[in-house]
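[1] Need coordinates for the below:
(2 chains)
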Amino acid sequence: MGKPYKLLIIDDNKEILTAICAFFTNKKYVVVCASDGLEGLKFLESEKKGFDLVITDIVMPNISGIGLIAMIKKKHSNTPVIAITGWGEHPEALASEAKADRVLEKPFELVQLAKLVDELLG
Amino acid sequence: MEIPLIGKSKDIEKIRELIKHVSGSSLNVVITGESGVGKEVVAQNLYYKSKRNNKPFIKINCAALPEGLLESELFGYEQGAFTGAHRKKRGKFELANKGVLFLDEICDMSLVLQAKLLHVLQSGEFSRLGSEIDIKSDVWVIAATNQDLEQSVKQGIFREDLYYRLNIIRITIPPLRKRPEDISVLINYYLKQYASRFDNKKFAKPNLDLLKKLNYYHWPGNVRELQNFLKKGMVIGNWEELVDELASCNKTEDNSILPYSARNIVENLSFLEEKNGADLSSFSLKKIKKKALEKIEREVISYVLGKTGWNRSKATKILKISYKTLLTKISDLDIKK
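    The predicted model follows:
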């Protein structure tokens, strides 16, 4: 088995964040969890080698997922991003416009998310 | 000139941190907070810390102008576009090119203009009134409001698509009464600043112990009210009288503890009317009394706990309730640190 992938997961909903982080914490992945956009951005700025993939919620206080995706794509354009949202068409359209690689609507099964992660990490 | 963001509260620290991280992004920002909290100061801080700081910072108040005038101010017009348009005029979007456009009181913009603003934000293009030529614009839009934006979306007076497009970065400035630790810092800063404007010793210096009383005032007009108070004091000089006057506005059972005046409680009740306005069957004085009581209890207990550094024993002595009652209230009223 090769080096584990490094994932950054951002969601202001504690339960969802804990569930996703617990699900991906295994031999295949090293997981960093952030509870809002600002915290996520700080991890992105401090992690010199960058992340292999980012999973972010869209509607969050301070820095929204849309803002985060835009900033990731500006500085680390090769980092794939999965946007997760449960707020209808407008945030989803904005996530696609901000060039999120995949958009997943809440509620979703964790296996659906895992499938998208596998797809993007090849 | 750059206006610093004054305060030592966690809220202000967080806002400083946010400004540091997002000022280089040019992503749309919404700044919310009550009148007088310093929304424009935050907008200017974003601008000064960005690479756009050598380009214009253009401000427009959406509540101050009637719809037609606001539209022509924003987008400009060609000669002959309407009666009175004797020569062409550039709008704020053109003037702010490469810089910042600060849209204050954004909730007061009409739905028609909101649609036009949405178009500019989506396409990065606009046209002057009376012209079909699209003009490219590179403007960093920072919007501000003292209203509840989410509520305005629910009420249908603010477009949902515009809300999501603007709300990429959200900076919320809490009212001064929620961050009383900033009051003394603000007082010191503005006293020094205003003193330099006065001719040396020709103004009346206040007794700093006296000014400590101001920490317990609820400052409904926030920082702006504090500034005006200090200016007034420096000109008139009767600090003691002015401080007592403010303290009496706070008068309830014990004005040294309670952060709210009775008037303020009634103002805060108006949200119940709005929510139940359409369906009066759910409206009753009993319900309001219960909600109001909970609200006051929550605020007073939070305030006292904050003042005692969450020392529950001290808080029970001030509140004259048992330790057990305090713990139950903290849990039932969902009071958090």
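
[2] near chain B, which residues of chain A?
    Selection of chain A residues close to chain B by Cβ under 8 Å from any Cβ of the partner chain yields A:38, A:41-42, A:45, A:61-64, A:66-67, A:70-71, A:74, A:87, A:90-91, A:94. (Each C-beta comes from the backbone N, C-alpha and C, glycine too.)

[3] Would you list the buried entries among the residues you listed?
    A:38, A:41, A:62, A:63, A:64, A:66, A:67, A:70, A:71, A:90, A:91, A:94 (16 or more other Cβ atoms under 10 Å in any protein chain shown).

[4] so can I have TSV of those residues showing distance to residue B:71 and secondary structure?
    Shown next, in TSV, are those (distance: Cβ to Cβ, whole Å; DSSP: H, G, I helix; E, B strand; the rest coil):
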residue	distance to residue B:71	secondary structure
A:38	36	helix
A:41	36	helix
A:62	32	coil
A:63	31	strand
A:64	28	coil
A:66	27	helix
A:67	28	helix
A:70	29	helix
A:71	32	helix
A:90	24	helix
A:91	28	helix
A:94	25	helix
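
[5] Measure how buried residue 53 is and give me the count.
    Using chain A. If you count neighbours by other Cβ atoms under 10 Å in any protein chain shown, residue A:53 ends up with 20.

[6] Actually, chain B is the one I wanted.
    So residue B:53, with other Cβ under 10 Å, has 15 neighbours.

[7] Per-residue pLDDT of it, please?
    Residue B:53 is assigned a predicted lDDT (pLDDT) of 96.

[8] in a strand, that's where it is, yeah?
    No - going by DSSP: H, G, I helix; E, B strand; the rest coil, the assignment for residue B:53 is coil, not a strand.

[9] any idea how far the nearest residue to it once chain neighbours are set aside is from residue B:31?
    Using Cβ to Cβ, 6 or more residues apart in numbering or on different chains and skipping residues adjacent in sequence, the residue nearest residue B:53 is residue B:47, 6.0 Å away. Relative to residue B:31, residue B:47 is positioned 12 Å away (Cβ to Cβ, to the nearest Å).

[10] and what of residue A:78?
    Taken as Cβ to Cβ, the span from residue A:78 to residue B:31 is 33 Å.

[11] now do residue B:18
    Residue B:18 is 10 Å from residue B:31, by Cβ to Cβ.

[12] what do these two both touch?
    residue B:171 (Cβ atoms under 8 Å, 6 or more residues apart in numbering or on different chains).

[13] returning to what we had before: out of the buried ones among the residues of chain A next to chain B, which is nearest to residue B:162?
    Nearest to residue B:162 among these, counting by Cβ to Cβ, is residue A:90 at 9.3 Å.

[14] give the contact list for the closest one.
    Residue A:90 sits next to B:160, B:161, B:163, B:164, B:165 when contact means Cβ under 8 Å, 6+ apart.

[15] Would you mind confirming that residue B:297 is in contact with residue B:333?
    Yes - counting by Cβ atoms under 8 Å, residue B:297 touches residue B:333, with 6.1 Å between them.

[16] so for stretch B:239-249, what's the average pLDDT?
    Stretch B:239-249 comes out at a mean pLDDT of 82.

[17] Show me the contact partners of it.
    Contact with stretch B:239-249 is made by B:204, B:206-207, B:210-211, B:213-214, B:216-217, B:229, B:232-233, B:236, B:255, B:261, as judged by Cβ under 8 Å, 6+ apart.

[18] Where is pLDDT lowest across those?
    Lowest pLDDT among the contacts of stretch B:239-249: residue B:255, with 39.

[19] Show me the shaky parts of chain A.
    A:1 (pLDDT under 70).

[20] Which stretches in it count as strands?
    A:5-10, A:29-34, A:53-57, A:81-85, A:102-105 (DSSP state E).

[21] Of the ones you listed, which is nearest residue B:90?
    strand A:81-85 (37.9 Å).

[22] ok, back up a step: identify the farthest-apart pair in the contacts of residue A:90.
    B:160 and B:165 (9.7 Å).

[23] what residue lies at the spatial centre of chain A?
    residue A:55 (1.1 Å; Cα atoms, centre = their mean).

[24] Sketch out the strands for chain B, chain order is fine.
    Remark: strands assigned in chain B by DSSP E are B:29-32, B:57-61, B:76-77, B:89-90, B:100-104, B:125-126, B:135-136, B:140-145, B:169-172.
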